[in-house]
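**Student:** following is a predicted model, sequence given first.
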Amino acid sequence: MSVRAKVLIVDDEPQIRRILKPSLMAEGYEVISAATGKEALERFRTRAPDIIVLDLGLPDMDGKDIVKIIRATSSVPILILSARELETEKVIALDLGANDYVNKPAAIGELMARIRAALRHSGNTQSLKTKLQVGSLTIDAITHVASSNGQPLKLTPKEFDLLLFLMRFAGRVITHQQILTTVWGPSHTEDAQYLRVLIRRLREKIEDDPSDPKTIQTESGIGYRLSEPTERP
């Protein structure tokens with residue numbers, strides 16, 4: 001890459017930083033490291049990283065608080081890398097603005113792919129566009145026209161709103177609460193059954209095999225992710 005993207009690794013385990021640094025450097029990234037939350041915020045302010053790989057369990061503060069502080073001033077991609085098993089921890093981090101998460105121990109290949117995807121999306125303005133394309137899906141927020149493989153999709157207003165929201169954040173994990181708040185409103189954040197029904201109906205219209213969905217992927221207990229265009233055959 002002509003201009004090296006800067007990756008800030010925030011993890012209090014020295015062995016994790018030692019493993020990740022050479023792998024990232026081999027991919028052409030500039031690597032910045034921090035072992036505490038205080039160091040992470042200082043590196044963020046002074047080094048302006050292009051992406052942050054963040055552990056939630058730090059010795060001086062919770063990683064979720066770092067997400068909250070950074071999101072107050074920046075949209076830099078934040079990828080959670082954590083051994084915490086509780087789904088609620090991941091959901092809270094994502095609701096606060098983290099872009100994605102990978103469980104420890106992580107396969108280096110998967111982590112690199114998630115970093116590349118997050119960096120690709122950080123440079124575009126999908127959330128501001130009225131016409132979007134993700135793989136074979138296209139949608140126009142103004143005319144309310146959507147298609148798959150060039151064929152018009154017959155969508156209800158709620159199905160259209162859901163597909164539009166997922167396409168605006170393609171490749172990113174969107175939590176149940178984020179979707180419910182956007183599509184149904186703040187008073188429906190607990191109505192997960194509404195969302196499950198709508199996801200099933202939408203899959204029946206856009207998936208080649210709704211029983212084995214490739215486009216709208218389930219993140220168990222957390223939410224959904226619209227697949228990257230490159231993930232489609």
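**Tutor:** Right, received. Where do you want to start?

**Student:** domains of the chain?
**Tutor:** What the record gives for the chain is the domain set 6-122, 126-231, from automatic domain parsing.

**Student:** show me where pLDDT drops low in this protein?
**Tutor:** When the per-residue scores of the chain are filtered using pLDDT under 70, the ranges that remain are 1-3, 84-85, 123-128, 228-233.

**Student:** from Pro22, how far off is the most centrally placed residue in the chain?
**Tutor:** In the chain, the C-alpha closest to the average C-alpha coordinate belongs to Arg172, at a distance of 2.6 Å (C-alpha atoms, centre = their mean). Using C-beta to C-beta, to the nearest Å, Arg172 is found at 27 Å from Pro22. In this view, the C-beta of every residue, glycine as well, is placed from N, C-alpha and C.

**Student:** residues in contact with Asp65?
**Tutor:** Gly37 (C-beta atoms under 8 Å, 6 or more residues apart in numbering).

**Student:** for Leu137, same thing?
**Tutor:** For Leu137, the set of contacting residues under the criterion of C-beta under 8 Å, 6+ apart consists of Ala146, Ser147, Ser148, Leu163, Met167, Ile206, Thr215.

**Student:** quick revisit: leaving out chain neighbours, which residue sits closest to the residue nearest to the centre of the chain?
**Tutor:** The shortest distance from Arg172 to any non-neighbouring residue, by C-beta to C-beta, 6 or more residues apart in numbering, is to Asn99 (5.3 Å).

**Student:** tell me the SS of the residue nearest to the centre of the chain?
**Tutor:** Under DSSP: H, G, I helix; E, B strand; the rest coil, the three-state class of Arg172 is coil.

**Student:** thought it was touching Ser122?
**Tutor:** No: taking C-beta atoms under 8 Å as the contact criterion, Arg172 and Ser122 are not neighbours in contact, 10.4 Å apart.
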